[in-house]
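Colleague: Model the following, please.
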Amino acid sequence: MAQDEPQQTEGGVREPSVQAQPSGLEARLLGLYERAESVLISVVALLLIGFVLIALLGVFTEVRGPLLDDHNFSEAALRGIDAVFLAIILLELLHTTLSRGPISRQVQEFLVIGITAAIRHGLEVAATGRGGNQRDVVVNLAINALGALVLVLALWLVRQQLRADRSEQRAGRDEPEG
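Modeller: This is a model prediction of the structure:
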């Protein structure tokens, strides 16, 4: 037996559901799966919080040596930025893990995480490649920049599609019914 009640979608348009009503056993299993999912998400969130705290402590340990012992401010800044980017990536992962929004928003959040990670990696390659083979550094930076550009393009495409979907929904609501 199919449900006849319309379900609310992301854009506010109500669509009828064709999903069958679950049996008693299926409903209990679905409830169990939802609880297990919630527990696992909580465990992952606690682990990410711990990793963020470790990363923030790592900022101080990475910066302390070059700043206080060597008085090398540029090295301290580079290490600090690298460590802070790691903490930002972990915080973004935590936020994305805990968000329960539509998949389109989660895709955007994961793309932002990827862009942040690509920028961090590019900065790391540029900072550590000063004394090495310059050709390898340039090739690595070009590949990294291309990867970051692909992620930015993907984010732009997702946002354009969402914008087009919203415009289409608004146009559909504004049309007079005949």
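Colleague: distance of the residue nearest the centre of the chain from residue 103?
Modeller: Most central in the chain under C-alpha atoms, centre = their mean is residue 110, positioned 2.6 Å from the mean C-alpha point. Counting by C-beta to C-beta, to the nearest Å, the gap from residue 110 to residue 103 is 10 Å. In this view, the C-beta of every residue, glycine as well, is placed from N, C-alpha and C.
Colleague: for residue 73, same thing?
Modeller: 44 Å.
Colleague: Which of the two has more residues huddled nearby?
Modeller: Per other C-beta atoms under 10 Å, whichever of residue 73 and residue 103 has more neighbours is residue 73, with 11 against 8.
Colleague: Apart from its neighbours in sequence, what residue is nearest that one?
Modeller: residue 67 (6.8 Å; C-beta to C-beta, 6 or more residues apart in numbering).
Colleague: Tell me how far the one you found lies from residue 154.
Modeller: On the measure of C-beta to C-beta, residue 67 and residue 154 end up 38 Å apart.
Colleague: okay, the residue nearest to residue 73: pLDDT?
Modeller: On pLDDT, residue 67 comes in at 83.
Colleague: next one: residue 47
Modeller: Reported pLDDT for residue 47: 92.
Colleague: And the strand or helix carrying it, how far out from the chain middle?
Modeller: Secondary structure assignment for residue 47, by DSSP states H and E: helix 24-64. Its chain's C-alpha centre and that of helix 24-64 lie 15 Å apart, by C-alpha atoms, centre = their mean, to the nearest Å.
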